[in-house]
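Asker: Sequence isn't available, so here's the structure alone:
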């Protein structure tokens with residue numbers, strides 16, 4: 001909530017504990033399908049679905065995500081979600097995890 005802007009996209013593995021992913025966008029911008037898939041892979045990998053061949057990911061603009069008053073850190077409620085099923089692509093996930101650790105992407 002301190003970094004994300006209302007128009008950024010927030011993703012989370014649906015119905016599972018784990019990390020969320022925020023995709024920064026320009027105001028009134030649209031998220032590219034490949035970027036959404038990348039973010040969904042990361043959300044699933046850092047959730048209770050880690051290691052599963054597929055999982056559901058919910059996403060919505062950050063402006064529809066709210067922290068619950070008095071709830072533990074990370075617990076939120078949200079509205080206007082869209083959900084899709086992601087079939088995990090091991091090569092995609094490997095590329096994303098490597099880029100996170102400062103390794104250059106394959107050319």
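Answerer: The structure has been received and is ready for your questions. Owing to the predicted nature of the structure, the values given are computational and were not obtained by experimental measurement.
Asker: The strand ranked longest in the chain pairs with which strands?
Answerer: Scanning the chain for the longest strand, with DSSP state E as the assignment, gives strand 54-61. When pairs are called by DSSP bridges, strand 54-61 turns out to pair with strand 9-13 (antiparallel), strand 82-87 (antiparallel).
Asker: and the nearest residue to residue 54 once chain neighbours are set aside, how many neighbours does it have?
Answerer: In this structure, residue 54 finds its nearest non-sequential neighbour in residue 87, 4.7 Å apart by CB to CB, 6 or more residues apart in numbering. Just so you know, the C-beta spots here come from the backbone N, C-alpha and C atoms, and that holds for glycine as well. Residue 87 has 9 neighbouring residues, counting by other CB atoms under 10 Å.
Asker: So what are the sheet partners of the worst-scoring helix or strand of the chain on mean pLDDT and their directions?
Answerer: Between all helices and strands in the chain, the lowest mean by mean pLDDT, DSSP states H and E belongs to strand 76-78, at a mean of 84. Paired neighbours of strand 76-78 in the sheet (DSSP bridges): strand 65-67 (antiparallel).
Asker: starting at the chain centroid, how far to the strand it pairs with?
Answerer: A distance of 15 Å separates the centroid of the chain from that of strand 65-67, by CA atoms, centre = their mean, to the nearest Å.
Asker: Now the longest helix belonging to the chain: buried residues?
Answerer: Identified as the longest helix of the chain according to DSSP state H is helix 33-45. Residues of helix 33-45 classed as buried by neighbour count (16 or more other CB atoms under 10 Å): 36, 37, 38, 39, 40, 41, 42, 43, 44, 45.
Asker: Closest one of those to residue 69?
Answerer: Nearest to residue 69 among the buried residues of helix 33-45 is residue 43, at 24.6 Å by CB to CB.
Asker: Run through the protein and note the low-pLDDT ranges.
Answerer: 1, 100-107 (pLDDT under 70).
Asker: swap the cut-off to 90 and go again
Answerer: 1-4, 15-20, 49, 51, 66-79, 99-107 (pLDDT under 90).
Asker: still on that earlier bit, hey, what's the angle from the longest strand of the chain to helix 33-45? Just curious.
Answerer: Angle of strand 54-61 versus helix 33-45, following axes from the mean of the first three to the mean of the last three CA atoms, to 10 degrees, is 120 degrees.
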